[in-house]
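In: Predicted model, plus sequence, below.
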Amino acid sequence: KIMRTTLAALSVGCIAQTSCLQLKPSGSFRSSALAVNVHRFLSSSAPRRAIVHGCTRRPLSSRVWPNYFSSPFLNRDPTPLLDENALEAVLKKPETQFVLLWKGKNIFKPVEGKKSVEAVKYSYKDVAQYLDDKKSILIYLGKADERSYFAVDVSHRESLADTQGVIFEQLRNYAGLIASDEDAGILAYARGMTSWHRSQRFCPSCGSGQVLPARVGSVRECAGCKRQTYPRIDPSMITLVTAQGGKYGLLGRKADWPPGRYSVLAGFVEMGESLEEAVVREVWEESGVEVRPDSIRYVSSQTWPFPRSLMVGFVAEAAEAPGGGLPLVRPDALELEDARWFSREEVLA
């Protein structure tokens, strides 16, 4: 599998963990045809800035997508739908679309003649039976170009009706293969929210098990003490470490990845540390390479709803090695099967 590059327009080409490089049998690399090319790292050392176009009112098809799984086009404010009559009216509009989630999986259909897939979106008539089910979770995702989008989690059901021709699959397995970037963002948002709803079963204040969706699925509220709980996000850093003026990049791989897949290094931010401190610590722990703290530069961020991360992308430079050679790499066997320096020429070959 070659996964799509997810942090776009990165300074000298930081590559997100989902979209790692795939080593060909010949020893060279290739990247997904859909990916933002790896030669952002290879072709120029000039910094590049990601520009988010989410505040514009342009049609979806004309928007520029800075990062995969993003959905900046959505107006997520549920306030207009807090009135039951207003909500019912929007649910029944012919242009309103719904995405279903079942046991953590999104629903797709193959695109004829291509290796890509499409998101399956439903009308009110299609999902009415699920909306009448008290155990279903309805989540307002947002509005764009006068069309409202909702997610409906039906994971409690043993099976679903009318599933002929569709595919139930974990979203991360189709990263880069979804025909529409807009749909990828909608599905990622839906996946993250439904995962959070299903995991937040008890009130953190009083311990009650009667914690229910509220505000059209944007929060959960305890039926006892009325405390509202909001979705939790776990920040993670992901960074491209370079050496010798950007001529080399540090990549690593896990033992359970497909042969030849390598990624820039990533890890969770720990309690009490900044994002920059996490970059220094994680790179050292995983590879034994020391990062120059003054070289760390923020590039871009991307949602990663597996289950609830925010990937924060950086570029950084390794501390200079004695004698001017490449810094020694000592991968942590508990974290990585391999980590090493790759030249621009190796990646471009």
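Out: Yep, it's here.
In: Which residue ranges of the stretch 151-300 of the chain form strands?
Out: Counting by DSSP state E, counting those that start in this stretch, one finds strands in the stretch 151-300 of the chain at the ranges 167-169, 211-214, 219-222, 228-229, 234-243, 248-253, 261-262, 265-268, 297-304.
In: In terms of mean pLDDT, which of the ones you listed ranks lowest?
Out: Comparing mean pLDDT over the strands of the stretch 151-300 of the chain, the weakest stretch is strand 261-262, at a mean of 89.
In: Which stretches in the stretch 201-349 of the chain count as helices?
Out: 275-287, 344-348 (DSSP state H, counting those that start in this stretch).
In: Buried deepest among the ones you listed, which one?
Out: Comparing the helices of the stretch 201-349 of the chain by mean neighbour count (mean count of other Cβ atoms under 10 Å), helix 275-287 ranks first with a mean of 20. To be clear about C-beta, it is placed using only N, CA and C from the backbone, and glycine gets the same treatment.
In: contact partners of that helix?
Out: For helix 275-287, the surrounding residues in contact (Cβ atoms under 8 Å, 6 or more residues apart in numbering) are 235, 237, 239, 241, 250, 252, 265-270, 273, 289-291, 293, 296, 298, 312, 314, 316, 329-332, 335-336, 339.
In: related to what we said a few turns ago, right, and the strands of the stretch 151-300 of the chain - which one's nearest Ala161?
Out: With Cβ to Cβ as the measure, strand 167-169 is the member of these nearest Ala161 (13.4 Å).
In: Any regions of the stretch 1-150 of the chain where pLDDT drops low?
Out: Scanning the stretch 1-150 of the chain with the threshold set as pLDDT under 70 gives 1-66.
In: where do the strands sit along it?
Out: For the stretch 1-150 of the chain, the strands defined by DSSP E, counting those that start in this stretch cover 21-23, 29-30, 97-101, 106-110, 117-119, 137-144, 147-153.
In: Could you tell me how far the longest one lies from the centre of the chain?
Out: Put plainly, it is strand 137-144. For strand 137-144, the gap between its own C-alpha mean and the chain's C-alpha mean amounts to 18 Å (Cα atoms, centre = their mean, to the nearest Å).
In: can you check the last one too?
Out: Here strand 147-153 shows a centroid-to-chain-centroid distance of 19 Å under the convention Cα atoms, centre = their mean.
In: quick check: angle from that strand to strand 97-101?
Out: Between the axis of strand 147-153 and that of strand 97-101 there is an angle of 20 degrees, by axes from the mean of the first three to the mean of the last three Cα atoms, to 10 degrees.
In: Does anything pack onto strand 147-153? Which helices or strands?
Out: Strand 147-153 is packed against strand 97-101, helix 124-131, strand 137-144, helix 181-199, with contacts defined by 3 or more Cβ pairs under 8 Å, 6 or more residues apart in numbering; DSSP states H and E.
In: mind putting those in TSV, distance to Gln210 included?
Out: Output for the helices and strands packed on strand 147-153, formatted as TSV (distance: least, Cβ to Cβ, whole Å):
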stretch	distance to Gln210
strand 97-101	23
helix 124-131	21
strand 137-144	15
helix 181-199	14
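In: of all the ones you listed, which lies closest to Cys222?
Out: So among the helices and strands packed on strand 147-153, helix 181-199 is nearest, using Cβ to Cβ, at 13.9 Å.
In: what's the span of stretch 299-309, first residue to last?
Out: With Cα to Cα, to the nearest Å as the measure, stretch 299-309 spans 17 Å from end to end.
In: And that stretch, what's buried?
Out: Neighbour-count burial for stretch 299-309, with 16 or more other Cβ atoms under 10 Å as criterion, is recorded at Val299, Ser300, Ser301, Gln302, Thr303, Trp304, Pro305, Phe306, Arg308, Ser309.
In: List the buried residues of stretch 88-105.
Out: By 16+ other Cβ under 10 Å, the buried positions in stretch 88-105 come out as Val90, Leu91, Thr96, Gln97, Phe98, Val99, Leu100, Leu101, Trp102, Gly104, Lys105.
In: make that stretch 196-210, sorry
Out: In terms of neighbour count (16+ other Cβ under 10 Å), stretch 196-210 has its buried residues at Trp196, His197, Arg198, Gln200, Cys203.
In: now the buried residues of stretch 299-309 in TSV, with distance to Asn75?
Out: Putting those into TSV (distance: Cβ to Cβ, whole Å) gives the following:
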residue	distance to Asn75
Val299	26
Ser300	22
Ser301	20
Gln302	20
Thr303	17
Trp304	23
Pro305	19
Phe306	25
Arg308	22
Ser309	24
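In: Which member of the residues you listed is positioned nearest Glu169?
Out: If you rank the buried residues of stretch 299-309 by distance to Glu169 using Cβ to Cβ, Phe306 comes first, at 13.1 Å.
In: The closest one reaches Arg172, doesn't it?
Out: Yes - when contacts are counted by Cβ atoms under 8 Å, Phe306 is listed as touching Arg172 (5.4 Å).
In: Surely Ser309 and Ile238 touch.
Out: No - with contact defined as Cβ under 8 Å, Ser309 and Ile238 do not form a contacting pair (9.7 Å).
In: which residue is nearest the centroid of this structure?
Out: Central residue of the chain (Cα atoms, centre = their mean): Trp304, 2.6 Å from the mean position.
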